[in-house]
Structure formats: structure tokens, C-alpha cells
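[1] Here is the input, now give the coordinates:
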Amino acid sequence: MRRALRLLAPLVLAAASAAAQAPADLAARCAALPAALVPSLPKRPAASLSASPEGLGAPGVLTLRARVEGWALQASLSVRAERRWDERGGLLDLWAGAVLERTLAYGPLQAADNGMHTFTLRAQVCYRSGGAVAGEELTAQARVPVFIPWATADLPRLLWREAEAANYVKGLAGDVVGGEPMSVEGLVTGLTDPVRAVLRDYLVRGYLNQGHYPPSCSGLCYAVAPVQLRLYAVDGARVGGLFQQGWAQLGLYGGHKDSRAFEVGGRGVAGVLLVRGYRHDYVLLSARGDFDDPQVQVVEMPKGGAEALRQALALAALQSQAKEVRP
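    Okay, here's the model as predicted:
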């Protein structure tokens, strides 16, 4: 079934009101229950939450299993998903009573849902221990990575969108929202003109924008810091001219000192670009080698996931005695 982000307004308000009550009030509410409803437990109650499978690498559905011991005055299951560029969340389920275990399907999930999905189980329960009635507030969480490969027919827009998210300049100190600058590193036979243009005219230089693509600015704009670019090309002439000499349009934020292109020689190869973005890393694959493919394959992973590939690429280039291509 479709993902159950049901905004059950009356129930959510009731849950929020109940959660705000003090623990002493919880004990009083438990004591007011009919004795037959309150189960005796050998130890303090526990809550658990699990997801199956524990991660998704293909489109599919997650099965969530929530377990709550005792009599639940209220129990809720919610989700918060940190996706590629945004966050989604909401209430998935809400229940009460002596329901020991509850199962819920979450999905179907697609590549647009890539990211870390955190599920949270909260419950206020009553139980009897040694003849006395008591109350407990229980919490359990399950974190599930969802990273489904996909393909794009508009690689320039993907690179631009990552730059907007990761390299947005906040404050006068020049800090970027992503914490560290976006970087692009790869091995190519060359670059098709649309990809070359977005790198050359915007990403490598840094730019001002008002949220448009291609970027444009008039009046009040925000700044996007330069992306770090390092390319290894079979034919160095085909990646030349990417880096602009002199003062870049963003002043202190501009420049090309962190970007380089190298010629490795040899025969044609398939193209690969490794991107460190806002929340995720990307491995971009081109069968043609210059990213002029109708569809570029995208392998998305948690941030830092492509670091080993990046180091291997740099080592291979060093061993091939790569020479730098000047702008």
C-alpha cells in the first residue's frame, strides 16, 4: 500500500496532549484503569522496533514491526526521512490497548526517496509489578538507509541542484551549508558541451542566483561557492578551458585554485564522475565516456561513501604519470 503518512489531525492533537502530561499524571491514569486491563509483568516493560529489509537498494516496501509490552494508553509510530535535498516526515500509525505487536507496510519507495529513514516508536504504557500499578514512557527507533540506483537525462541540472544545496554561502565568513564544499572528481574521455558549460560558467567559478536554472541574478541574490573539480582525461584538450583565470565574479568566494584537470593518455574509457554533494555522494557513469549519453547512470550513497573510489582514482592517475592541463 502507499506510504501511510496519514495526518490524522484529531488523533495527533490527542497524542500531543497526552505526551505533555507529567509522569506522575501517567501513574494516576494507569491507576484509574480497570484492574482486569493492566497486565502483570515480571520486569519493567520494553518497546522494540524493527524494519525488514534493513536497507533498500532497489524499489520496494519496508515492513515495520513495533512491539510494546503492557497496556498502551497510547502508542505512535512516526517517520522522518532525510532525503537528497529535503526532509519528509509524519505520523504512520497510532493505537492503544493491549496490542503486543503491530505490523505496518511503508512504501513503495523509489529513488526519489533515497536517504536515511528514521522510524520512531513512542508509547505510554501501564503494567502491574509486585501488585502495584505503574506507568512507563517507552521509546524505540530504527534507521533504514534507502539508496536505489537511478538514471538522469539532465546531468547539468543534477550538478547544479547539488551545488545549490551544498555550496550555498551562509554568513559573511563564507561557510557553506553542506559543511564542506561540493567536489567533482572523475575519469573521462572528454565532456559534452552542456556538462562543460555548467561546470565552466557556474560551478567552478561560483555564482550568484535567485533560485533559477540556469542561474540568473537581479536585485537580491544569494551566493553559491565554487565547486572543487578534478578531472583526469584521456585527451587533455577535451577538458581544457574549464577554469577561468583572474578574479571570479564572487570576489572572495570565487576562483579556480581548488580545481585541476589532468591528461592521463591511453585509450578511450567509460566515464565516471565522483560527486561529494550536500547529503549524499554520487557515482555517475557514462558508457560513452564524455557524458553525452541519453541516460547517465547514478549510484547514490551516504556522504563519504565514495571516498575509497576517489582515493583509488587519484592513485591510478598518479601511477599513469598524469600531467596537468592548463586553462
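
[2] C-terminal to the helix or strand of the chain with the lowest mean pLDDT, which secondary structure element comes first?
    Sorted by mean pLDDT, DSSP states H and E, the helices and strands of the chain end with helix 9-19, the least confident at a mean of 41. Toward the C-terminal end, the helix or strand that comes next after helix 9-19 (DSSP states H and E) is helix 23-31.

[3] Mind listing the strands whatever helix or strand comes next after that next one pairs with, and their directions?
    With elements assigned by DSSP H and E, the helix or strand that comes after helix 23-31 is strand 47-52. When pairing is defined by DSSP bridges, strand 47-52 lines up against strand 60-68 (antiparallel).

[4] quick one: buried residues of the strand it pairs with?
    Neighbour-count burial for strand 60-68, counted by 16 or more other Cβ atoms under 10 Å, picks out 62, 64, 66-68. From N, CA and C alone the C-beta is placed, and that goes for glycine too.

[5] From those, pick the one nearest residue 216.
    Residue 216 lies nearest to residue 62 out of the buried residues of strand 60-68, by Cβ to Cβ, at 41.0 Å.

[6] Could you pull up the residues touching the residue nearest to the closest one when sequence neighbours are not counted?
    Nearest residue to residue 62, sequence neighbours excluded (Cβ to Cβ, 6 or more residues apart in numbering): residue 106, at 4.4 Å. Listed by Cβ atoms under 8 Å, 6 or more residues apart in numbering, the contact set of residue 106 reads 3-4, 51, 61-64, 79, 92, 117, 119.

[7] For the residues you listed, give me a markdown table that also has pLDDT and distance to residue 157.
    Output for the contacts of residue 106, formatted as a markdown table (pLDDT from 0 to 100; distance: Cβ to Cβ, whole Å):
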| residue | pLDDT | distance to residue 157 |
| --- | --- | --- |
| 3 | 42 | 26 |
| 4 | 41 | 31 |
| 51 | 97 | 32 |
| 61 | 97 | 29 |
| 62 | 97 | 29 |
| 63 | 98 | 35 |
| 64 | 98 | 34 |
| 79 | 98 | 28 |
| 92 | 97 | 32 |
| 117 | 98 | 25 |
| 119 | 98 | 32 |
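
[8] that older thread, including distance to residue 98, could the buried residues of strand 60-68 go into CSV?
    Converted to CSV, the buried residues of strand 60-68 look like this (distance: Cβ to Cβ, whole Å):
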residue, distance to residue 98
62, 26
64, 20
66, 14
67, 12
68, 9
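
[9] Which of the residues you listed sits closest to residue 233?
    The closest of the buried residues of strand 60-68, once distances to residue 233 are taken by Cβ to Cβ, is residue 62, at 41.8 Å.

[10] thought the closest one was touching residue 49?
    No: assessed by Cβ atoms under 8 Å, residue 62 is found out of contact with residue 49, at 11.6 Å.

[11] State the number of residues packed around residue 112.
    10 (other Cβ atoms under 10 Å).

[12] would residue 128 count as being in a strand?
    Yes: counting by DSSP: H, G, I helix; E, B strand; the rest coil, residue 128 is part of a strand.

[13] Quick one: neighbours of the residue lying closest to it once chain neighbours are set aside, just the number.
    Leaving aside its chain neighbours, residue 128 sits nearest to residue 40 (4.4 Å; criterion: Cβ to Cβ, 6+ apart). By the measure other Cβ under 10 Å, the count of residues near residue 40 is 11.

[14] Residue 25 too?
    Residue 25, neighbours per other Cβ under 10 Å, totals 12.

[15] With residue 303 instead?
    Using other Cβ under 10 Å, the number of residues around residue 303 comes to 16.

[16] in the stretch 151-300 of the chain, which ranges drop under the pLDDT threshold?
    172-174, 234-269 (pLDDT under 70).

[17] Try it again at 90.
    Filtered on pLDDT under 90, the stretch 151-300 of the chain yields the residue ranges 170-181, 185-191, 200-201, 204-206, 211, 217-220, 228-272, 285-290.

[18] what does the stretch 1-150 of the chain give?
    In the stretch 1-150 of the chain, residues with pLDDT under 90: 1-25, 27, 98-100, 129-131.

[19] for residue 78, helix, strand, or coil?
    Going by three-state DSSP: residue 78 is strand.

[20] Would you confirm that it contacts residue 104?
    No: using Cβ under 8 Å, residue 78 is not in contact with residue 104; the gap is 11.3 Å.
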